[in-house]
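Asker: 3D, please:
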Amino acid sequence: MAYLLGLPLLLLILIGVLTIFLHFLPTFIAGSRHVNNFWWIFLVNLFLGWTLVGWVVALLWALRDTPRFAYRYVPPPYNR
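Answerer: Numbers count the residues shown, from 1 in each chain. Got it, this is the predicted structure:
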């Protein structure tokens, strides 16, 4: 088994993938919500996400921005 820094290499790869996923979590949320400012959120997350303030700003922006497609519930017609 290969070791690096005293840890198994597979564990280090898993930690790296998890770290990248958490770093780009605001971008993934913005993409799944189809928000209007997706690319701006991505750029803020890419360049300022390494700071805690930039990451929180990108996360709040991704959660608060309006989706491109607004879904609203339309009840079925009432039949007597």
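
Asker: just the strands from the protein, written as ranges.
Answerer: 3-4, 7-8 (DSSP state E).

Asker: just flag whichever of those strands has the lowest average confidence.
Answerer: Ranked by mean pLDDT, the strands of the chain bottom out at strand 3-4, which scores a mean of 77.

Asker: among the strands of the chain, which is nearest Phe69?
Answerer: Minimum separation from Phe69 across the strands of the chain (C-beta to C-beta) falls at strand 7-8, 44.3 Å. Every residue, glycine included, has its C-beta placed from N, CA and C.

Asker: what pairs with the closest one, parallel or antiparallel?
Answerer: Looking at strand 7-8 with DSSP bridges, its partner strands are strand 3-4 (antiparallel).

Asker: what comes up buried for stretch 20-32?
Answerer: 24-27, 29-30 (16 or more other C-beta atoms under 10 Å).

Asker: mean neighbour count for the strands of the chain - can I get that in JSON lines?
Answerer: Formatted as JSON lines, these follow (neighbours: other C-beta atoms under 10 Å):
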{"stretch": "strand 3-4", "mean neighbour count": "10"}
{"stretch": "strand 7-8", "mean neighbour count": "11"}
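
Asker: can you list those strands in CSV and add distance to Val56?
Answerer: Shown next, in CSV, are the strands of the chain (distance: least, C-beta to C-beta, whole Å):
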stretch, distance to Val56
strand 3-4, 32
strand 7-8, 29
